[in-house]
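1. build me a model from this:
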Amino acid sequence: MRPNLAARLGVWSAHHRKTAILGWLLFVVLATTIGGASGMVTASDDEMGVGDSGRAAAILKDAGVEEPAGELVMVSSESPSGWRGAASDLSKALTATGETRAMQAPLPSEDGRDALLRFEMKGSSDDAPDRVQPVLDAVQKAKDAGAEKGISVYQFGDASSEKHLGDLLADDLTRAEFTAVPLALGILLVAFGAVVAALLPVGLALTACVAAFGLLSLASHQLHLFETTYSVMFLMGLAVGVDYCLFYLRRERDERAAGRDAETALRIAAATSGRAVLVSGLTVMVAMAGMFLSGLLLFKGFAVATILVVCVAMLGSVTVLPALLSALGDRINAGRIPFLNRKNNKNKKGAHASGGIADKLLGPVLAKPKFFAVGAAVLLLALAAPALGMKTEQLGLEKQFGSDAPLSVSFREITQEFPGGPAPARVVVEADDAGDIGSKEMRDALAAVVRDAGKGAELTVHKDAGVAEIDVPLPGDGSDAKSKKALGELRDDVVPAAFEGLDAAAYVGGDLAESEDFSAQLSKGIVPVFAFIAAVTFLLMLFSFRSVVIAVTSIGLNLLSVGAAYGVMTAVFQHGWGAELIGSEQVGAIENWMPLFVLVVLFGLSMDYHVFVVSRISEARDRGLDNRAAIREGITRTAGAVTGAAVIMVAVFAVFGTLSMQDMQQMGVGLGVAVLLDATVVRMVLLPSLMTLLGERNWRTPRGLSWLPRVSHGEPVAAELSDPRPVPAAAVSQPGWDVR
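-> Model (predicted):
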């Protein structure tokens, strides 16, 4: 039988290891250099919009109306009007920075103890965060000076919050890199007990991430990205890159433990684990492509980023990794750490066999499969139960930073005294004929909206563009039920009534409107995305294993893992159950893009384990073992690799769960919990018990699908060498297999 693609790639790399290694390094250097030189292009606010809020932003952009970055500073005193001197001095200091314009007179609160300074940043709003530091310094100076006089100063605005967000993201990503990498390395040291064996997967994963970063920068010139995209890419790249190398390396070491020489062990690993890596990587990439169907720029960027990093990691695992293993030979075990080297389950060369503990744990599961299948399913469904009440919203920056963060405190204080100020709704009106924007009918309609919108509504007319905009403060905190009700009345009643019969288009935008429209688009997009992912998973598993049963159970098991992740996320972040234990807090909702993202990522990542495990079970079946024996061998032989990979993934995700941003915390906890459950409850309990109950139906191919090609999950050489007795030289040195 002709060796599969992964085997041929592995053997070629081992034959041409200098070419493979130098080629990989050259690729990484070129991708990094070219990508760094081109720079990354981030998405502007108007590109992110969907629905009516997106149309409102598009009207302003097409009209050439530059939305300035607005800033609010509230000066509070212990007595009425006690703020006047501090507010006057601060206004002068802000003007003196040369970065502000349109400074308005202080707006007093109802009780007279607070005053709101409103102004705009000069220049484009896109680069306002880069120029806001002098303004921040002036406000901080006023805050320090006022502290002695009982004066409090609070600032919140577009430029200041965006700067804080950018700085926080940069710090978080740096912290994640400097925490996750040593953590993964430490876990691999424990798993392998050798420095070189531990460094290899981490090094390959990091170079894959670096190369993918460069490629993503190039891609950003065609598809603009969000700031969080790089964090997502690093998380996925490190987890997947280490996993793929671990699967490959663990199989090679297991074959060494079974008595194979280095060359034979390498080609068996290439033919088996290498093939599983290719199937898994392709499955993940195709699953990620489903995010393009969401209709949202955020997910399109996530799709490009994850596809790139998974593709690079996959190619590195089946090309440069075999070359490095061939070059290192027994030196892969160099730098052994004595107290980490296990005394049992290893051969004279130090290679480890796996599965001792897993075999003991698996015994009861196979003996009572119905009991364990029901128990595991009930556990997962119980964890998923809180997800039935999941609420989603686009978390504002004040929720992203945490309630104790200075920016959150400022937002809360300003909103309490001046509701709707930091996040007003924005009504955008475009006349069909630009000249009609100044007509009596249009003026009356605009005035009606200002009147019905209530106190604080501000009208701005751009006559030349034929566009008008009205800022409407919303009651509540900008995202609660009161704010949503007011937004609904504005959209459904006030605006339609005012412009009925006029030749004009009127849409309502603003932060809350954008959040509501984004959530509505997600609700529409999740169905086609899920249908695509489920169909792709089904077809790939069907073609790989020629079994409808295996394909269907794969989807079912993945859904249970996703459901459990949803439930835990809802319990922790929406209801606050145990949030303090991870340094987080209750925010009352889940970030609106999180459910779809977690669904797609988990469907992709869980296929890593599933393909790897089921391939090993199928390999045992191909050697003639019955269903139960094949399950036992497949699970026990892959337990070490799956456990190691899961521990690394959970550790990496846990690092993201400890970062400052609420959405990063939710992503880390959701993915970490799901991978942990997937590698333990699903792979060690539910999968073997379910496959045992299904028996031979697992492997039955329906008559109508008998045309499907038979895919071998091993290689002839692997079958011949399954007996550790001495192997004839002819069997080891088949044409095209000699890797010396």
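2. quick one: furthest residue from the center of the chain?
-> Going by CA atoms, centre = their mean, the residue of the chain most distant from its centre is K440, 51.3 Å out.
3. per-residue pLDDT, it?
-> Note on K440: pLDDT of 86.
4. can you tell me how far it sits from L502?
-> K440 is 11 Å from L502, where distance means CB to CB, to the nearest Å. Yep, even glycine has a C-beta here, placed from its N, CA and C like the rest.
5. again with T207
-> Counting by CB to CB - T207 and L502 are separated by 61 Å.
6. repeat for G123
-> 35 Å.
7. swap in F411?
-> On the measure of CB to CB, F411 and L502 end up 36 Å apart.
8. neighbour count winner among the two?
-> F411 (28 against 17; other CB atoms under 10 Å).
9. mind telling me what element the residue most central in space within the chain is part of?
-> The chain has V232 as the residue nearest its centroid, 4.4 Å off, counting by CA atoms, centre = their mean. V232 is part of helix 229-257, with elements assigned from DSSP states H and E.
10. now swap in Y154 and tell me
-> strand 152-157.
11. so what does that strand touch, helix or strand wise?
-> strand 70-76, helix 133-147, helix 406-417 (3 or more CB pairs under 8 Å, 6 or more residues apart in numbering; DSSP states H and E).
12. the first one: what's the following helix or strand?
-> Heading C-terminal from strand 70-76, the first helix or strand you meet, by DSSP H and E, is helix 84-96.
13. check which helices and strands that following helix is in contact with.
-> Judged by 3+ CB pairs under 8 Å, 6+ apart, helix 84-96 is in contact with strand 70-76, strand 114-121, helix 133-147.
14. can I get those in CSV including mean neighbour count?
-> Shown next, in CSV, are the helices and strands packed on helix 84-96 (neighbours: other CB atoms under 10 Å):
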stretch, mean neighbour count
strand 70-76, 25
strand 114-121, 22
helix 133-147, 17
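15. for the ones you listed, could you give me CSV that also reports mean pLDDT and distance to L581?
-> Output for these, formatted as CSV (pLDDT from 0 to 100; distance: least, CB to CB, whole Å):
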stretch, mean pLDDT, distance to L581
strand 70-76, 91, 34
strand 114-121, 91, 37
helix 133-147, 91, 33
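16. so which of the ones you listed comes closest to K399?
-> K399 lies closest to strand 70-76 among the helices and strands packed on helix 84-96, at 17.7 Å (CB to CB).
17. specify the angle between that closest one and helix 84-96 in degrees.
-> With axes from the mean of the first three to the mean of the last three CA atoms, to 10 degrees defining the directions, strand 70-76 sits at 160 degrees from helix 84-96.
18. tell me which of the helices and strands packed on helix 84-96 lies nearest to Q394.
-> strand 70-76 (18.9 Å).
19. so that closest one versus strand 114-121, what angle?
-> Using the same axes, to 10 degrees, strand 70-76 lies at 160 degrees relative to strand 114-121.
20. dump strand 70-76 to PDB, keeping only the CA atoms.
-> Output in PDB follows, covering the C-alpha atoms of strand 70-76 (Å, rounded to 0.1, in the frame of the first residue of the first chain):
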ATOM      1  CA  GLY A  70     -15.800  63.300  22.400                       C
ATOM      2  CA  GLU A  71     -14.600  63.600  26.000                       C
ATOM      3  CA  LEU A  72     -16.400  64.200  29.300                       C
ATOM      4  CA  VAL A  73     -14.900  65.400  32.500                       C
ATOM      5  CA  MET A  74     -17.000  65.800  35.700                       C
ATOM      6  CA  VAL A  75     -15.900  68.000  38.500                       C
ATOM      7  CA  SER A  76     -17.600  67.200  41.800                       C
END
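21. partner strands of that strand, parallel or antiparallel?
-> When pairs are called by DSSP bridges, strand 70-76 turns out to pair with strand 114-121 (antiparallel), strand 152-157 (antiparallel).
22. same list (the ones you listed) but as a markdown table, adding distance to V429.
-> Below are the strands paired with strand 70-76 laid out as a markdown table (distance: least, CB to CB, whole Å):
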| stretch | distance to V429 |
| --- | --- |
| strand 114-121 | 21 |
| strand 152-157 | 25 |
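23. out of those, the one nearest A180 is which?
-> That would be strand 152-157 among these, by CB to CB, at 32.1 Å.
24. chain center to the closest one: distance?
-> 32 Å (CA atoms, centre = their mean, to the nearest Å).
25. and what of stretch 279-291?
-> 14 Å.
26. stretch 371-385 too?
-> 26 Å.
27. mind jotting down where the strands sit in the stretch 501-650 of the chain?
-> Per DSSP state E, counting those that start in this stretch, the stretch 501-650 of the chain carries strands over the ranges 504-510, 590-591.
28. where does the prediction get shaky in the chain?
-> Residue ranges of the chain with pLDDT under 70: 1-3, 45-46, 339-356, 420-422, 709-740.
29. what kind of secondary structure is P419 in?
-> Three-state assignment for P419 (DSSP: H, G, I helix; E, B strand; the rest coil): coil.
30. does anything pack onto the strand or helix carrying A468? Which helices or strands?
-> Under the criterion of DSSP H and E, A468 resides in strand 467-472. Under the contact criterion of 3+ CB pairs under 8 Å, 6+ apart, strand 467-472 touches helix 51-62, strand 425-431, helix 440-453, strand 458-462.
31. other residues contacting it?
-> 59-60, 63, 65, 420, 424-431, 437, 442, 446, 449-450, 453-454, 456-462, 490, 510 (CB atoms under 8 Å, 6 or more residues apart in numbering).
32. tell me how far it is from the chain's mean position?
-> The chain centroid and the centroid of strand 467-472 are separated by 36 Å, computed with CA atoms, centre = their mean.
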